[in-house]
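A.B. asks: Quick one, structure for this:
(chains A and B)
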2 protein chains.
Amino acid sequence: MGAGFSADDRLRVTYRLLCVEGETPRDKAEDIAYEQTVELPPSCVGEAITEAVVGRIESVEPGPARSWTAVISYSPEWIGDDAAQLANVMFGNISLKQGIVITDVEWPTTLLERFGGPAHGVRGLRKMAGVEPERPLLCAALKPVGLSAEELAELCYRFADGGIDLIKDDHGLTDQPSAPFDERVRRCREAVAKANDSTGGNTLYFPNVTGPASRLMDRVETARGAGCRGVLVSPLLAGLDSLQRLAREDDLAVLAHPALSGAFFGASHGILPEILLGDLFRILGADGVIYPNVGGRFPFDDRICRAINDRLRRDLGKILPAFPVPGGGIDVKIVPHWIAQYGADTMLLIGGSLYGQDDLTSATRRLVDQIKLATS
Amino acid sequence: MGAGFSADDRLRVTYRLLCVEGETPRDKAEDIAYEQTVELPPSCVGEAITEAVVGRIESVEPGPARSWTAVISYSPEWIGDDAAQLANVMFGNISLKQGIVITDVEWPTTLLERFGGPAHGVRGLRKMAGVEPERPLLCAALKPVGLSAEELAELCYRFADGGIDLIKDDHGLTDQPSAPFDERVRRCREAVAKANDSTGGNTLYFPNVTGPASRLMDRVETARGAGCRGVLVSPLLAGLDSLQRLAREDDLAVLAHPALSGAFFGASHGILPEILLGDLFRILGADGVIYPNVGGRFPFDDRICRAINDRLRRDLGKILPAFPVPGGGIDVKIVPHWIAQYGADTMLLIGGSLYGQDDLTSATRRLVDQIKLATS
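C.D. replies: From the prediction side, this is the model:
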């Protein structure tokens, strides 16, 4: 076993443990190490399997607020290049337990190489959008569900005419009869191309390809055929490996949407948002990751948002940095504030706040001008 | 819009709401109704879209322990036959909020027909296993990860020789070099067939097909080619629609594993286990659903287990009943207790408790005899 693996090149997961009465932190860590690998009591596992397969307890130390911090490492051999199995080893069965939060992960080179990260990253997506490094990208959300393909295309035209960098489908737009996928993508992309021709701009349109895995590649082909340069996917709805599949189509960029991910963000049990959205989504292939910004419609705080930004942009082997895409109630009025807070390598997602204004094209243009001014 | 839909045939989701200071239950319900559909403030949504798309608040009433109970209904038109979009409408964006638990769902006929449920259900799986309605089925878990295909096949032989009804792969067995999928499935199935020939029995072997969506159908073909009559999948690892894809292969039965599902079981935010494992997994196509039994290694209590059993077996349009498969630390010693508690239409999953005994074949045989005695 272990041919080709460095013994030290292990997946090191930091768990914050809350122990109930009668539970010791050491026992709880040992329970995780067995539960996540062999799923048998220690007495039923031979020495060779224990050494090769069972999670290794690297440390157990007192943490903040009566918690404990345990680091458990796993061999990448049992994960391979399988995103489902990666999530399974990190949190599969213990999701059903209590008082366990993944607070940090150290990624082995083996897994970074196998999963490979985004094909474009921050620099590639900038190049695609034709936006210089000095300013953030601006993203608009195409909605609501229920509009016809023609109506959605008209909105696309106005956003593009106003000079937005990127339009992404609302993640609830799938293949509904009101705006079937193929028709929507064709019409929206045409509208954007028409506006680009008229403005000399370079607005991108990324359709949502979330849906049945068996239809994913058909939707990708439709998007590509229509001239789209990227797509949107909700990995927890479509399956984590959808990110990998899309990243392999390396002419297309991939934006990840956080739908359903909030289930993991329990205060005393789950996975920290910066690990799930910041590390995992990036490593699996997202060029940009949408998350609910502080002060919007969702309860993410400043610490979480900054931690996600850091994880998406930090050095991580050969994995390219990805764009943080804060959204979920960013008001156009305080866009300069977010630029100052988050820096230029950010993609600001502006949704309802634009729709709330009378003339979408002018509102978009004012916003784009504001961004350019704030960063000039 | 709505052609072919009965206006009353809506997905009715009951949410238990916990309001923080300054939040009214009515506002919170309205926020959900918009967030889960149009993702725009009410002022930005026209009348036609509001009527056709926005969730309809059916009721908001005081609930237990200072909570509120809101029923919100959604048109199936925006869901189609798309499992990802079903999960998205029920809990996608609001997963990122707080104080919202899905406690009940009333399924519209339209969605029950589209998703279709299990192909075999309790009666079909009984027939496949050749077990009369008078007794529960017995399932063993094949483990641990790290054994060779040959060693796993040897364990299969012993379980089958002892007369177990069904052997399922551990859900951590994927396609590891120690026991590559194809070799494992072929050897294990051969070993089971050999034991069946010698005992005249009918033990089934269900390999785990969880993994990349792009390899799912290849694994299904391998399993079918080896003579397997069913498979195991972890829907939250592989993508929810994996259940649908597998249920469509209607010569094969499907067991669902709950890995990662525990993320949804927060006390004040999430989805009740009986809804996710009992209703959703069944409707998407599971013939049997594994869950962690009360008193084992996991914190499910008696109420949850009974509620899951009820949901899996209750009348639900034309959807077949599915087997509850309690596991996760069921001790062979108290198997008769669980038969009395849960009734005959149960599949008992016995894992470590069998491995803890010296002679696997004899231990299995004693267990099978015990079951037959307890139900004769």
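A.B. asks: I'd like to know which residues of the stretch 151-300 of chain A are adjacent to chain B.
C.D. replies: Proximity of the stretch 151-300 of chain A to chain B is confined to A:170-172, A:174-178, A:210-214, A:216, A:234, A:237-242, A:244-245, A:258-266, A:269-271, A:292, A:297-300 under the rule CB under 8 Å from any CB of the partner chain. Every residue, glycine included, has its C-beta placed from N, CA and C.
A.B. asks: and whatever residue of the stretch 151-300 of chain A ends up closest to chain B, what is it in contact with?
C.D. replies: Here the residue of the stretch 151-300 of chain A nearest chain B is residue A:239; by CB to the nearest CB that distance is 2.5 Å. If you count contacts by CB atoms under 8 Å, 6 or more residues apart in numbering or on different chains, residue A:239 has them with A:84, A:213, B:213, B:238, B:239, B:240, B:241, B:242.
A.B. asks: what about the nearest residue to the fourth one once chain neighbours are set aside, is that helix, strand or coil?
C.D. replies: Think residue B:238. Distance criterion CB to CB, 6 or more residues apart in numbering or on different chains; nearest residue to residue B:238, sequence neighbours excluded, is residue B:210 at 4.7 Å. Reducing the assignment to helix, strand or coil with DSSP: H, G, I helix; E, B strand; the rest coil, the entry for residue B:210 is coil.
A.B. asks: Next one, pLDDT for the closest residue to residue A:170 other than its chain neighbours please.
C.D. replies: Spatially, and ignoring its direct neighbours in sequence, residue A:170 is nearest to residue A:143 (3.7 Å; CB to CB, 6+ apart). Model confidence at residue A:143, given as pLDDT, is 96.
A.B. asks: Please verify my assumption that residue A:143 contacts residue B:37.
C.D. replies: No. With contact defined as CB atoms under 8 Å, residue A:143 does not count as touching residue B:37 (9.8 Å).
A.B. asks: overlap in contacts of the two?
C.D. replies: Taking CB under 8 Å, 6+ apart as the contact criterion, the common neighbours of residue A:143 and residue B:37 are residue A:172.
A.B. asks: Looking at these two, which is more packed in?
C.D. replies: Remark: of residue A:143 and residue B:37, residue B:37 carries more neighbours, 28 against 25, as counted by other CB atoms under 10 Å in any protein chain shown.
A.B. asks: what about the helix or strand where residue A:188 lies, distance to the chain center?
C.D. replies: Secondary structure assignment for residue A:188, by DSSP states H and E: helix A:181-199. The chain centre lies 26 Å from the centre of helix A:181-199; the measure is CA atoms, centre = their mean, to the nearest Å.
A.B. asks: Please apply the same query to stretch A:281-289.
C.D. replies: Computed by CA atoms, centre = their mean, the chain-centroid distance of stretch A:281-289 equals 5 Å.
A.B. asks: quick one: terminal-to-terminal distance for that stretch?
C.D. replies: Using CA to CA, to the nearest Å, the gap from the first to the last residue of stretch A:281-289 comes to 7 Å.
A.B. asks: From the contact counts, what lies against the one helix or strand residue A:156 maps to?
C.D. replies: Residue A:156 is located in helix A:149-161, with elements delineated by DSSP H and E. Other elements packing on helix A:149-161 under the criterion 3 or more CB pairs under 8 Å, 6 or more residues apart in numbering or on different chains; DSSP states H and E are strand A:137-142, strand A:166-169, helix A:181-199, helix A:360-374.
A.B. asks: Check these for me and report the most buried one.
C.D. replies: Relative to the other members of the helices and strands packed on helix A:149-161, strand A:166-169 carries the highest mean neighbour count by mean count of other CB atoms under 10 Å in any protein chain shown, namely a mean of 28.
A.B. asks: picking up where we left off before, could you redo the contacts of residue A:239 as JSON lines and give each row pLDDT, distance to residue A:363 and secondary structure?
C.D. replies: What follows is the contacts of residue A:239, written out as JSON lines (pLDDT from 0 to 100; distance: CB to CB, whole Å; DSSP: H, G, I helix; E, B strand; the rest coil):
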{"residue": "A:84", "pLDDT": "98", "distance to residue A:363": "42", "secondary structure": "helix"}
{"residue": "A:213", "pLDDT": "97", "distance to residue A:363": "38", "secondary structure": "helix"}
{"residue": "B:213", "pLDDT": "97", "distance to residue A:363": "40", "secondary structure": "helix"}
{"residue": "B:238", "pLDDT": "98", "distance to residue A:363": "42", "secondary structure": "helix"}
{"residue": "B:239", "pLDDT": "98", "distance to residue A:363": "37", "secondary structure": "coil"}
{"residue": "B:240", "pLDDT": "98", "distance to residue A:363": "37", "secondary structure": "coil"}
{"residue": "B:241", "pLDDT": "97", "distance to residue A:363": "38", "secondary structure": "helix"}
{"residue": "B:242", "pLDDT": "98", "distance to residue A:363": "42", "secondary structure": "helix"}
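A.B. asks: show me where pLDDT drops low in chain A?
C.D. replies: Under the criterion pLDDT under 70, the flagged ranges of chain A are A:1-6.
A.B. asks: and with 90 instead?
C.D. replies: Across chain A, the stretches falling below the confidence threshold (pLDDT under 90) are A:1-8, A:132-134, A:295-299, A:328-337, A:351-354, A:356-358, A:370-376.
A.B. asks: where do the strands sit along it?
C.D. replies: Listed from the start of the chain, chain A has strands (DSSP state E) covering A:11-17, A:56-62, A:68-74, A:100-106, A:137-142, A:166-169, A:204-206, A:230-233, A:253-256, A:270-271, A:288-292, A:323-327, A:347-350.
A.B. asks: Tell me which residues are up against the fourth one.
C.D. replies: So the one you mean is strand A:100-106. Contact partners of strand A:100-106, identified using CB under 8 Å, 6+ apart, comprise A:11-18, A:28, A:32, A:69, A:90-91, A:94, A:266, A:268-272, A:275, A:279.
A.B. asks: mind saving the C-alpha coords of that strand as PDB?
C.D. replies: Taking only C-alpha atoms (Å, rounded to 0.1, in the frame of the first residue of the first chain), the coordinates of strand A:100-106 have been written out as PDB:
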ATOM      1  CA  ILE A 100     -17.600  18.600  15.800                       C
ATOM      2  CA  VAL A 101     -16.600  21.600  13.600                       C
ATOM      3  CA  ILE A 102     -13.900  21.500  10.900                       C
ATOM      4  CA  THR A 103     -12.000  24.700  11.400                       C
ATOM      5  CA  ASP A 104      -8.900  24.200   9.300                       C
ATOM      6  CA  VAL A 105      -7.400  21.900   6.700                       C
ATOM      7  CA  GLU A 106      -3.900  21.400   5.500                       C
END
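A.B. asks: Fine by me, we can end here.
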